[in-house]
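J.: after the sequence you'll find the predicted model.
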Protein chains: 2
Amino acid sequence: MLSADPDPIVLPEEPAQARRFGKTRDAQSHALLEDYAELIADLLATGGEARPTDIARRLGVSHATAIKAIARLKREGLATARPYRGVFLTEAGETLAARVRARHRVVVDLLRAVGVPAEAAEQDAEGMEHHVSDATLAAFSRFLAGR
Amino acid sequence: MLSADPDPIVLPEEPAQARRFGKTRDAQSHALLEDYAELIADLLATGGEARPTDIARRLGVSHATAIKAIARLKREGLATARPYRGVFLTEAGETLAARVRARHRVVVDLLRAVGVPAEAAEQDAEGMEHHVSDATLAAFSRFLAGR
DNA sequence: CATGAAGTGTAGCCACGGCTACATTTTCAT
DNA sequence: ATGAAAATGTAGCCGTGGCTACACTTCATG
Ligand SMILES: [Mn+2]
Ligand SMILES: [Mn+2]
Ligand SMILES: [Mn+2]
Ligand SMILES: [Mn+2]
């Protein structure tokens, strides 16, 4: 009888593996900014304003944490904010937010399409999205289009 | 004629959204340990030993960085290591590594199955895997089984 | 079996992203 | 108009995960 030998462990080539881990760290380093940009855009679109306290509440962090992240957004040229006057996105910030929002939706849709329950899809997409490359996003879109 | 109104932005309920972001942060906080555990297990399985320098080279970080992460693995009861003698996994570490390796494989397979090119699948899986919940993993397995 | 190379460990630096505590400003109701 | 509540900002703490520089072991090779 045939028995499938289970899990033949094959290590990737060292440089390839190092490159992958490095790119993963790189992607992760942008994750927070992406989520802030997406959320700020959503708040501006639905309520006309994005206030630090609202941002903080929706992210589940203290307002002090949110304000420091907003400072980083400003430093990176993604947002503008004057004291006590709310947060706005620059052109670059808007562009990023639009891209991030579109990707977020595709990831959720893909998960749903392969049978992931709704809440799990929403939950897991929030973390997975930041590691979805353009190539993968394109494949997701093709898959969703051709069902 | 019918024109699809594009992107009606609907914000999630505030508590739900905060819960999701919180869980995402939680998942992220385990990502590094998972990758170390998986890699150490692979090195032990293929070469019989897992030395800090090899681990560092494969992760693309300095050996000092690897050694500090190994210290954290020890602190969390996942690994053991005596000075100059290499790294080993505890029972808990082995268990984690096995789970992580299995999940990694399923994620890559799922990506391939929906049309993601090989290298993009390998690359993106490295980051996405840490945000794949049990429910999503089960859905992935079902999808792969029933093609 | 000595010695130099490789590996390992330690110290100290930095940025990020959490937090609490407190100060200040704005907003809102009376 | 004013005083309290809410929002905002600032300061300072911590753990993580990067790094370089330097010290110390171990190991391999001549
Ligand atoms: Mn996200
Ligand atoms: Mn998102
Ligand atoms: Mn990984
Ligand atoms: Mn992995």
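T.: Received it, and whenever you're ready, just let me know what you need. Numbering: from 1, shown residues only, chains lettered A, B, ... in the order given. Ligands and ions are numbered 1, 2, ... in the order given.
J.: give me the below-cutoff pLDDT ranges for chain A.
T.: A:1-3, A:5-7 (pLDDT under 70).
J.: ok, the spatially most central residue of it - contacts?
T.: Nearest to the geometric centre of chain A sits residue A:130, at 3.8 Å (CA atoms, centre = their mean). Residue A:130 sits next to A:27-28, A:30-31, A:34, B:127 when contact means CB atoms under 8 Å, 6 or more residues apart in numbering or on different chains. C-beta coordinates here come from the backbone N, C-alpha and C atoms, glycine included.
J.: assumed it was part of a strand.
T.: No - under DSSP: H, G, I helix; E, B strand; the rest coil, residue A:130 sits outside any strand and is assigned helix.
J.: apart from its chain neighbours, what residue comes closest to it?
T.: residue A:31 (3.9 Å; CB to CB, 6 or more residues apart in numbering or on different chains).
J.: tell me how far that neighbour lies from residue A:81.
T.: Residue A:31 is 21 Å from residue A:81, where distance means CB to CB, to the nearest Å.
J.: and for residue A:11?
T.: 47 Å.
J.: how about residue A:105?
T.: To residue A:81, residue A:105 is 27 Å away according to CB to CB.
J.: neighbour-wise, which of the two wins?
T.: residue A:81 (18 against 13; other CB atoms under 10 Å in any protein chain shown).
J.: measure the more buried one to DNA strand D for me?
T.: 6 Å (CB to the nearest atom of the strand, to the nearest Å).
J.: now residue A:121
T.: Taking CB to the nearest atom of the strand, one finds residue A:121 at 26 Å from DNA strand D.
J.: burial count for that residue?
T.: 24.
J.: isn't it right up against residue A:106?
T.: No - look at residue A:121 against residue A:106 with CB atoms under 8 Å: they stay out of range, at 11.7 Å.
J.: longest helix of chain A?
T.: As assigned by DSSP state H, the longest helix anywhere in chain A is helix A:14-47.
J.: ranges for the strands of chain A?
T.: With strands called from DSSP state E, chain A shows them at A:79-81, A:87-89.
J.: closest to residue B:100 out of those?
T.: When those are compared by CB to CB, strand A:79-81 sits nearest residue B:100, at 36.1 Å.
J.: partner strands of that closest one, parallel or antiparallel?
T.: strand A:87-89 (antiparallel) (DSSP bridges).
J.: tell me, how many residues neighbour the residue lying closest to residue A:50 once chain neighbours are set aside?
T.: In space, and not counting its chain neighbours, residue A:50 is closest to residue A:43: 4.0 Å by CB to CB, 6+ apart. Neighbours of residue A:43 under the rule other CB under 10 Å: 20.
J.: wait, residue A:43 sits on residue A:54?
T.: Yes - counting by CB under 8 Å, residue A:43 does reach residue A:54; the two are 6.1 Å apart.
J.: can you list the residues of chain A near DNA strand C?
T.: Proximity of chain A to DNA strand C, by CB under 7 Å from any atom of the strand, involves residues A:29, A:31-33, A:59-62, A:64-65, A:68-69, A:72, A:83-84.
J.: so which of those is the closest to residue B:16?
T.: Nearest to residue B:16 out of those is residue A:60 (CB to CB; 10.4 Å).
J.: now that closest one, what are its backbone angles?
T.: Per-residue torsions, residue A:60: phi 70, psi 30 (degrees, to the nearest 10).
J.: what's the neighbour count on it?
T.: 18.
J.: that one: what's it in contact with?
T.: B:17-19, B:21-22.
J.: residue B:24 versus that one, what's the distance?
T.: Distance of residue A:60 to residue B:24, given as CB to CB: 10 Å.
J.: and if you look at residue A:51?
T.: 22 Å.
J.: quick one, which of these two is more surrounded?
T.: Taking neighbours as other CB under 10 Å, residue A:51 and residue B:24 compare with residue B:24 leading, 24 against 17.
J.: thought the more buried one was touching residue A:128?
T.: No - checked against CB under 8 Å, the pair residue B:24 and residue A:128 is beyond contact range at 9.2 Å.
J.: now for those two: what residues contact both?
T.: residue B:131.
J.: got a list of what the closest residue in space to residue A:113 that isn't next to it in sequence touches?
T.: In space, and not counting its chain neighbours, residue A:113 is closest to residue A:144: 6.0 Å by CB to CB, 6+ apart. Taking CB under 8 Å, 6+ apart, we find residue A:144 in contact with A:106, A:109-110, A:113.
J.: let's see 10 Å
T.: A:106, A:109-110, A:112-113, B:114 (CB atoms under 10 Å, 6 or more residues apart in numbering or on different chains).
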